[in-house]
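In: Mind looking at a prediction? Sequence and model below.
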Amino acid sequence: MAATPALVSQSDVPAFSPVALSAEAAPFTPQRSDGWQLDPPSDAERQFCRCAKRLRALRAESGQLREELNLLFDQLLSENYNTSFEPVTNIRAEDVCSLLTHASCLVPLSQEHLVIKFCQLVHHLLNQLKVIMDEQTLDVLLNYTARALKVCSTWTHSGVLLALSTIVYGNGPQCHQHLIDLLGEDGVLLLYSSPSQPDMELRRVALTCMANICLRINHGRVRQGALHCLLAVVKGIEKCTLYGYWSSFIPDSPIGGTPPLTLLTIILKDTSPKVRASALQVLSAMLDGSRQFLAVAEDTASPRTSYTPFSFSLATTIRELHRTLSLAMLAETSPQTLTQVIKLLEELGMGIIQQYRAENNVPESSRVPLNQVVQFWSDVLSGPLNAALQNEQHPTLQTSACNTLSSILPQAFAQLPDKTQLMCITVLLGLTYSENYLVKTAAVRALGVYILFPCLREDVMFVADTANAVLAALDDQCRNVRAKAAWSLGNLTDTLIVNMESVGVDFQKELSDMLLLKMLQAATRASADKDKVKCNAVRALGNLLHFLRQSQVTRSAFQRPLEDAVRALVKTVQSEATMKVRWNACYALGNAFRNPALPLDSAPWSPDAFSALCNVVASCKNFKVRIKSAAALAIPAHRSCYGDTKRFICVWRSLAKALENSEDTNDFLEYRYSASLRHTLSQALLHLLKLSQLQDMPALAASLAGEEGNGIKEHLIKYLRAEEGGGAEGERDTAGDSFSPQQRIKDLQQSLIRLKAEEGGQQESSKEVVVGFLDDLLKTCEEP
């Protein structure tokens, strides 16, 4: 209702200056009370007034109603009411509301073409005139469009949704009575924004409606509920579709003046901590699974052309995210909301790590510059994150802070000040002894990440401190803690191998024998735990058995633990554990076989180790496990490692049988690995032929002379000629540096030359069979 005009005295009325009347005088234009002239009505304003007057005169029973409405709607739609254009259009909001309310009563839902035109008019007037509707008009139009979506044909729904998105825009505070109908479990917006909705335009407009409601609602509970609905949509919609709407939720730069309402402004400025947390959840869901998408960001200088590359816009968006989250960490007072902020820091940190990983092939020019990454983490670690790490009253906050520490780019960590690095390490080591299992789990995991950092892994003191913390966690009552401890121990022992190969024996000597023994015993115990613990425990055992030096292997203190460790691996290979666990166990045995200090020829556990691998390579249903066991059997570098002829021939026959049965499976998922299996088995058989000695000739000749030999030859020819794909599963784990066809032929030639030079003695005839086999194999492969 308009306000009653105030009474004014005659003296308040401005006096108009006298104007001489003449033919040349300008037409009279009235003035406002402040002395400025009133603008004359624009053409659009006059057209609107004429059409509104005629429209209000129409009634449902009027003759020619449909024709009249069509004509009036067309006339109203033909005008440009945009208030940014001159001359200014002075059309009152209440007049627009009155027109639309009356028109909705005249347009029956059965007249679908007229319904669409009315919806176009709603969008046209509300969008260009920026009308804030009264609650009655909003209610009428919301009900009308909602009923249209239920009653009218599908072809009209895109136009109806466009009108609906305009109706709710800027009118969030009045929408709370309609949220259930729009955003409830069976709401029209959730229906049309569903990933199962085949019409992409419908999904686009429905998501726009969702955004217009969620980002412009003033009541805290309503804003929170709307954001929860938006969260459901973000989780349900395909990522490639969602990327097109990022700019609606996340700005790409800070904007002066009154900022537009986005998720970031809600995070920084909303008065309700629950609403801020909800906005952070939506943002987190948008970032979840988007690492590859974020990896295309290219942070270069601002383009000088009118065209802004998408990669540059994405980079500026990421930079704005960093800025906003840094501000949020400083300003946020709610521990629950701060937890969400920190989780988002972790997501962004992992996105940067993805950019820097070599296998992702992201050009250096396209990565977030390292100096910016270092500055970001310096700012974060200078106060807010450090405080969260030490907030014992809120363990969930501490847990998130630990996870965020583990998302630091290793190259950036290396450039942080020494005191900052020391703070990170010291806090994490301390938190591994937290009484809260969530905090302990996160801290142990973070140490398992840090142990792989190139700037830390050669620090013997850090390795030792981490090992002791991890060993303590391996005895924890909580299985999740033990699982992460086993994973971290696996990483730590991976580091031992890297250091052994890069630094050499000096690093091995610096590491305490007692600490190594404790790790070996702890990993052996953990290998009897649940599969989540066991899979990494056996990985650690393989690394430790590979790392041991001759002086340690021969020490009496190591004898029993070493045997227990190998027997634990053997037991796991033969067990009914998950295939991932058995795969790791086969890999671990192969890893142990690489250590020349282990007495494979004479150790009491050696027959059982070879027997377990032979059994798996010939009979396991899982082809990847068979591939890994075949690779392990081909690792020993000397003939003596395989023991006597009986054990050597047992290995040969197991590999030959596995090659013969390499296609025997009813599971297509396994069949796709059959080429890799044959490749690894062929390589392993040639490795045994290369190492074979005269005492092995009778048994080898018996195998190669018959039908079995023909099958073996067929597969070896394919391997030598590289006619069959595969091999990636096994080649990187077997002995030898080159596996090109030329190198394979060369190795075969050298084996043949060596055997021919051997004095056969009593095995001469058997040797000739083997030599003949190799000679024929070589000639066949050399044929064009």
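Out: Structure's in. What do you need? Numbering: from 1, shown residues only.
In: drop to CA atoms for contacts and neighbour counts, all remaining ones
Out: Will do.
In: how much space between the nearest residue to Pro599 once chain neighbours are set aside and Leu598?
Out: Counting by Cα to Cα, 6 or more residues apart in numbering, Pro599 lies nearest to Cys641, which is 7.5 Å off, once chain neighbours are set aside. Noted for Cys641: a distance of 9 Å to Leu598, by Cα to Cα, to the nearest Å.
In: now swap in Ser78 and tell me
Out: 89 Å.
In: The residue lying closest to Ile425 once chain neighbours are set aside in helix, strand or coil?
Out: Leaving aside its sequence neighbours, Ile425 sits nearest to Leu447 (Cα to Cα, 6+ apart; 7.9 Å). Following DSSP: H, G, I helix; E, B strand; the rest coil, we place Leu447 in the helix state.
In: burial of Leu447, as a residue count?
Out: 30 (other Cα atoms under 10 Å).
In: And it, how far from Leu428?
Out: 7 Å.
In: same question, Val115
Out: In terms of Cα to Cα, Val115 sits 64 Å off from Leu428.
In: Name the residue in these two with the higher neighbour count.
Out: Using other Cα under 10 Å as the criterion, Val115 and Leu428 rank with Leu428 on top: 26 against 22.
In: follow-up on the earlier one: per-residue confidence at the residue nearest to Ile425?
Out: For Leu447, the pLDDT comes out at 98.
In: swap in Pro784?
Out: 65.
In: residues contacting Leu263?
Out: Leu263 makes contact with Leu215, Phe249, Ile250, Ala279, Leu280, Leu283, according to Cα atoms under 8 Å, 6 or more residues apart in numbering.
In: ok, 6 Å please
Out: Shown in contact with Leu263 (Cα atoms under 6 Å, 6 or more residues apart in numbering): Phe249, Ala279.
In: Please renumber the chain so that the first residue is 29 from this point on.
Out: Understood, numbering begins at 29; the last thing we discussed is Leu291.
In: Give me the mean pLDDT for stretch 536-545.
Out: 93.
In: go on, stretch 772-786?
Out: Per-residue scores along stretch 772-786 average to 89.
In: now stretch 796-809
Out: The average of the pLDDT scores along stretch 796-809 is 91.
In: so how far is that stretch off the chain centroid?
Out: 52 Å (Cα atoms, centre = their mean, to the nearest Å).
In: Could you do stretch 261-279 as well?
Out: 15 Å.
In: okay, that stretch in PDB with CA atoms only?
Out: Provided in PDB are the C-alpha atoms of stretch 261-279 (Å, rounded to 0.1, in the frame of the first residue of the first chain):
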ATOM      1  CA  VAL A 261      22.000 -31.600  -6.800                       C
ATOM      2  CA  VAL A 262      25.800 -31.000  -7.000                       C
ATOM      3  CA  LYS A 263      26.400 -34.600  -5.800                       C
ATOM      4  CA  GLY A 264      23.900 -36.000  -8.200                       C
ATOM      5  CA  ILE A 265      24.700 -34.100 -11.400                       C
ATOM      6  CA  GLU A 266      27.500 -35.200 -13.700                       C
ATOM      7  CA  LYS A 267      30.700 -33.200 -13.200                       C
ATOM      8  CA  CYS A 268      31.000 -32.200 -16.900                       C
ATOM      9  CA  THR A 269      27.600 -30.600 -16.600                       C
ATOM     10  CA  LEU A 270      28.400 -28.900 -13.400                       C
ATOM     11  CA  TYR A 271      31.500 -27.300 -14.700                       C
ATOM     12  CA  GLY A 272      29.400 -25.000 -16.900                       C
ATOM     13  CA  TYR A 273      27.900 -23.400 -13.700                       C
ATOM     14  CA  TRP A 274      31.100 -22.700 -11.700                       C
ATOM     15  CA  SER A 275      31.100 -19.000 -12.600                       C
ATOM     16  CA  SER A 276      27.600 -18.700 -11.000                       C
ATOM     17  CA  PHE A 277      28.900 -20.000  -7.700                       C
ATOM     18  CA  ILE A 278      32.600 -19.000  -7.600                       C
ATOM     19  CA  PRO A 279      33.900 -15.700  -8.900                       C
END
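In: residues in contact with that stretch?
Out: Stretch 261-279 has contacts (Cα under 6 Å, 6+ apart) with Pro223, Thr290, Leu291.
In: In terms of neighbours, single out the busier of Cys669 and Leu626.
Out: Neighbours were counted for Cys669 and for Leu626 using other Cα under 10 Å; Leu626 has more, 21 against 18.
In: so that one sits in a helix?
Out: No. Using three-state DSSP, the assignment for Leu626 is coil, not a helix.
In: For it, grab phi and psi.
Out: Dihedral angles of Leu626 (phi, psi; degrees, to the nearest 10) stand at phi -80, psi 130.
In: Please tell me how far it sits from Phe575.
Out: From Leu626 across to Phe575, the span is 10 Å (Cα to Cα).
In: tell me which helix or strand of this structure sits lowest on mean pLDDT?
Out: Least confident helix or strand, the chain: helix 756-759 with a mean of 45, by mean pLDDT, DSSP states H and E.
In: Going by neighbour count, list what's buried in the very next helix or strand once past that helix.
Out: Along the chain past helix 756-759, the next helix or strand (assigned with DSSP states H and E) turns out to be helix 769-785. By 16 or more other Cα atoms under 10 Å, the buried positions in helix 769-785 come out as Arg772, Ile773, Asp775, Leu776, Ser779, Leu780, Leu783.
In: Could you do stretch 713-727 as well?
Out: 713-722, 724-727.
In: Need the max-distance pair from those residues.
Out: Greatest spacing in these, by Cα to Cα: His715 and Pro726 (17.8 Å).
In: how much space between the residue nearest to Pro627 and Pro589?
Out: To Pro589, Cys669 is 21 Å away according to Cα to Cα.
In: now swap in Lys608 and tell me
Out: Distance of Lys608 to Pro589, given as Cα to Cα: 25 Å.
In: shouldn't Lys573 be in contact with Ala620?
Out: Residue 573: Leu, not Lys. Yes. The pair Leu573 and Ala620 passes the contact test of Cα atoms under 6 Å, sitting 5.0 Å apart.
In: what about Ala305, neighbour count?
Out: 23.
In: Do you know the pLDDT at Thr448?
Out: Note for Thr448: predicted pLDDT of 94.
In: could you say what helices and strands the helix ranked longest in the chain packs with?
Out: Longest helix in the chain, counting residues (DSSP state H): helix 507-530. Where contact means 3 or more Cα pairs under 6 Å, 6 or more residues apart in numbering; DSSP states H and E, helix 507-530 is packed against helix 465-478, helix 488-502, helix 559-575.
In: contact partners of that helix?
Out: Contacts for helix 507-530 (Cα under 6 Å, 6+ apart): 469, 473, 476, 479, 498, 501-502, 560-561, 564-565, 567-568, 571.
In: Name the nearest residue to Arg87, ignoring sequence neighbours.
Out: Leaving out its chain neighbours, the residue that sits closest to Arg87 by Cα to Cα, 6+ apart is Leu134, at 6.9 Å.
In: Just confirm the one you found contacts Ala88, I think it does.
Out: Yes. Counting by Cα under 6 Å, Ala88 is a contact partner of Leu134 at 5.4 Å.
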